[in-house]
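> got a sequence here, can you build the structure:
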Amino acid sequence: MPAAMPFRLDGRPRALDPRPPQAVGAGTQPAGARHRIMVVDDDADVRNTMARMLRSFGHDVEIAADGLDGLAKLALNPDLVMLDADMPGLDGFDVTSRIRNDPTWADLPIVMITGLNNRVARLRAIEAGVNDFITKPVDLAELRLRTTWLLRMKDSTDRLRESERALEAQVAARTAALRIALERSAAAERETYRAHLDSIRRLVVAAEYRDHDTAMHIERIGRYSALIGERLGLPPGRQEVLRHAASLHDIGKIGVPDAILRKPGPLDEAERRLMQKHTIIGARILEGSLSDVLRVGSEIALTHHERWDGAGYPHRLAGRAIPLHGRICAVSDVFDALTTDRPYRAAVPVDTVFAMLEAERGRQFDPDVLDAFLADRDEVVAIRRELMTHQGVVQHAPIAGAA
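Numbering: from 1, shown residues only. So this is what the prediction gives:
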């Protein structure tokens, strides 16, 4: 059995065991695994003897003459603290509590060296934050085993903390890289969307060259339709789609002969049937696209001349069988057509047009859609005033988000 190195009952040390430390106790420190242990004791002989014992295990040792000295020397970053329970001023319990109250030292192992064997004192020490006890007289083998175990635990905790910090740094770096990638992706998507809207705008411009009256008509239709969508509670994204899709409502006029499209007087029955085909032509031009704007535009092109009472064209749909986008555009289109000069008549006064629309509530127009439009008359008039400038000249307001 290895020799012990006990203290006497009065706490005074006996002579050191003459054998080398490798022959004492169980287990050995791994090569290069030096630790710093702080011994806090008001008895100089005790702390010096403890220091020699711990150095014999291959550790670096710092000594502190009392509790305050020990707290100050925490700045030396010890791996383990061994302190006496009974010291003047701040005793071992007070020192332990103060150490634990600082989150910096939450994982610092603390061993209390005590001659107290009563249960209350030990519970008080555990409550303060002590990890382990060594009872006087101190046995060298026990000291070696307990310090080895606690230091290994400390090393494991430190490695875990270091791994956590490394992982946090890695996550932070990857998050930053991902954020940059997402921002670039969003920028690319915005650019693609702007190009998409620009292509739609140019498609509409192609129709404008054949029907001069639609120059600002398409812009106003989009704004009126988005206004109705907002009043009906459509999400902002759907309002945006509706605004641009509504501008495509008459794209099918590309397929209508110029003689009909530009005729200064009323159309006869045969000409009217040909003109009505612009709804089907427009839908066919736009159908089958993966684009929300073109898909909704196809729906609007086909159904914006349907009537709530079923007397519209091309399919004589009625009520909610007509898609909402078509019902919205129907109100916008008729309002703008009536308040704009045409080759065969002058513009009708706005107040008169409001009254004419109201008279068609539940017949030509969806009551809810019409009510939403009429609820914002001031805004409707403001949009019309803004976009009636230079009527007849190809002029476009900026596309939202395309600047």
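> so where's the stretch 1-150 of the chain uncertain?
Segments of the stretch 1-150 of the chain classed as low confidence (criterion: pLDDT under 70) are 1-33, 116.
> run through the helices of it in chain order.
44-56, 67-72, 92-100, 119-128, 140-208 (DSSP state H, counting those that start in this stretch).
> most tightly surrounded among those?
helix 92-100 (a mean of 21; mean count of other CB atoms under 10 Å). For glycine as for every other residue, the C-beta is placed from the backbone atoms N, C-alpha and C.
> restrict that one to CA atoms and write it as CSV.
The C-alpha trace of helix 92-100 is given here as CSV (Å, rounded to 0.1, in the frame of the first residue of the first chain):
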residue,chain,number,x,y,z
GLY,A,92,-14.4,28.9,2.8
PHE,A,93,-18.2,29.0,2.5
ASP,A,94,-18.2,32.8,1.7
VAL,A,95,-15.3,32.5,-0.8
THR,A,96,-17.1,29.7,-2.6
SER,A,97,-20.4,31.7,-2.8
ARG,A,98,-18.6,34.7,-4.2
ILE,A,99,-16.8,32.5,-6.8
ARG,A,100,-20.1,30.9,-7.9
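> tell me what that helix is packed against?
helix 67-72, strand 80-84, strand 110-114, helix 119-128 (3 or more CB pairs under 8 Å, 6 or more residues apart in numbering; DSSP states H and E).
> let's go with 6 Å and repeat that
Applying 3 or more CB pairs under 6 Å, 6 or more residues apart in numbering; DSSP states H and E, one finds that helix 92-100 makes contact with helix 67-72, strand 80-84, helix 119-128.
> can you add distance to residue 282 and give these back as CSV?
Conversion of the helices and strands packed on helix 92-100 to CSV gives the following (distance: least, CB to CB, whole Å):
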stretch, distance to residue 282
helix 67-72, 83
strand 80-84, 82
helix 119-128, 81
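> re earlier: and the helices of the stretch 1-150 of the chain: which comes nearest residue 338?
Closest of the helices of the stretch 1-150 of the chain to residue 338 is helix 140-208, at 19.9 Å (criterion: CB to CB).
> any idea which helix or strand comes after the closest one?
helix 217-231 (DSSP states H and E).
> give me the mean pLDDT for the helix or strand following that next one.
Where DSSP H and E defines the elements, the next helix or strand beyond helix 217-231 is helix 236-246. Averaged over helix 236-246, pLDDT sits at 92.
> put the alpha carbons of the next helix or strand after helix 236-246 into PDB.
Per DSSP H and E, the first helix or strand lying C-terminal to helix 236-246 is helix 258-261. What follows is helix 258-261 as a C-alpha-only set of coordinates in PDB (Å, rounded to 0.1, in the frame of the first residue of the first chain):
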ATOM      1  CA  ASP A 258     -57.200  47.800 -87.900                       C
ATOM      2  CA  ALA A 259     -60.300  48.700 -89.700                       C
ATOM      3  CA  ILE A 260     -62.400  47.600 -86.700                       C
ATOM      4  CA  LEU A 261     -60.000  48.800 -84.100                       C
END
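> just the buried positions in helix 258-261, please.
260, 261 (16 or more other CB atoms under 10 Å).
> just how off-centre is it within its chain?
Centroid separation for helix 258-261 versus its chain: 54 Å, with CA atoms, centre = their mean, to the nearest Å.
> swap in stretch 136-153?
50 Å.
> please apply the same query to stretch 312-321.
Taking mean C-alpha positions (CA atoms, centre = their mean), stretch 312-321 and its chain are 44 Å apart.
> show me what counts as buried in it.
312, 313, 314, 317.
> and the second one, how far is that from residue 278?
Looking back up the chat, that one is residue 313. Note on residue 313: its distance to residue 278, by CB to CB, to the nearest Å, is 10 Å.
> now residue 332
Taken as CB to CB, the span from residue 332 to residue 278 is 17 Å.
> what is residue 36 paired to in the beta sheet?
Taking DSSP bridges as the rule, residue 36 bridges to residue 60.
> residues contacting it?
60, 78, 79 (CB atoms under 6 Å, 6 or more residues apart in numbering).
> list the contacts for residue 282?
251, 252, 301.
> dump the residue contacts of the residue nearest to residue 232 when sequence neighbours are not counted.
Here the nearest residue to residue 232 in space, its sequence neighbours aside, is residue 372; by CB to CB, 6 or more residues apart in numbering that works out to 5.1 Å. When contacts are counted by CB under 6 Å, 6+ apart, residue 372 touches 228, 231, 232.
> good, wrapping up.
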